[in-house]
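S.K.: sequence and predicted structure are below.
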Amino acid sequence: MTKYTTGQQTSLFSVADGSGGYRVAPVEPLQIGVAALQSWKQRVFQHQQQVTVNASAQGSLFTLPPTVADLAESIDLFKLPRQNTEFWRWKADSEGVSSLYFVVDYELPILLYVGETVKSGLRWKGEHDCKRYILNYISAHRPHHLSVTVNISFWENAPTHTRDRQKLESALIHKWRSPFNKENWKYWNTPFVNEC
């Protein structure tokens, strides 16, 4: 094992040997022209504006439990409490609960990603491709001095059974055509999912 020094501190391990921490490699800004970026966002925005959110009607005593389609229609994801996408770095009181989560750019607004988790406080602590997509998306805006406000929201009324939660996630991905979800890349030619 080779020792090396960093400043005044001597280390027994190289940085590559360290474990547990999530490291993000430096991201080169995604090279996309301002017109192409704005056009891409407008296409997503126009589609999502056509998607409606139907508030649940008052049920009767004999109403059947809501179906996956009913739930997908009733979630108004743009009104959920927002959190910084770096929330996972902060100390949390609990591991969280079964949830659906939504990554949204509130500047237009557009839904970028839909996900599900059994523990909302832990899902993003490890590797997650969407972290890279967000960094690429934000970095594409910076050279053009365009405003971008990407946040994450959790819907904690999600089914606790994994299969039911995944069905609801899939229905929402299909409904909104969220461009960072792999199922929808064919619609948007999403440039932010590639390695930079």
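M.R.: Done, it's in.
S.K.: give the next helix or strand downstream of the lowest-mean-pLDDT helix or strand in the chain.
M.R.: In the chain, no helix or strand scores lower on mean pLDDT, DSSP states H and E than strand 9-11, which sits at a mean of 41. Per DSSP states H and E, the first helix or strand lying C-terminal to strand 9-11 is helix 34-49.
S.K.: which parts of that next one are buried?
M.R.: For helix 34-49, the neighbour count (16 or more other C-beta atoms under 10 Å) marks 37, 40-41, 44, 47-48 as buried. All C-beta atoms are positioned from the backbone trio N, CA, C, and that covers glycine.
S.K.: closest one of those residues to Pro143?
M.R.: Using C-beta to C-beta, Leu37 comes nearest to Pro143 of the buried residues of helix 34-49, at 9.7 Å.
S.K.: that closest one reaches His141, doesn't it?
M.R.: Yes - in this structure, Leu37 is within contact of His141 by C-beta atoms under 8 Å, at 7.0 Å.
S.K.: how many residues are close by Leu108?
M.R.: Counted with other C-beta atoms under 10 Å, the neighbours of Leu108 add up to 16.
S.K.: quick one, what contacts the nearest residue to it once chain neighbours are set aside?
M.R.: Once flanking residues are discounted, Leu108 sits nearest to Phe45: 4.7 Å by C-beta to C-beta, 6 or more residues apart in numbering. By C-beta atoms under 8 Å, 6 or more residues apart in numbering, Phe45 lies in contact with 108-110.
S.K.: kindly report the same for Val103.
M.R.: Taking C-beta under 8 Å, 6+ apart as the criterion, Val103 is in contact with 85, 111-113, 115, 130, 134, 150-152, 180.
S.K.: okay, now the unreliable bits of the protein?
M.R.: 1-30, 52-66, 85-97, 119-128, 195-196 (pLDDT under 70).
S.K.: quick one: the strands in it, in order.
M.R.: In the chain, the strands defined using DSSP state E lie at 4-6, 9-11, 82-84, 99-105, 110-117, 150-155.
S.K.: not counting sequence-adjacent ones, nearest residue to Gln83?
M.R.: Ile152 (5.3 Å).
S.K.: that neighbour reaches Leu100, doesn't it?
M.R.: No - with contact defined as C-beta under 8 Å, Ile152 does not reach Leu100; the gap is 11.1 Å.
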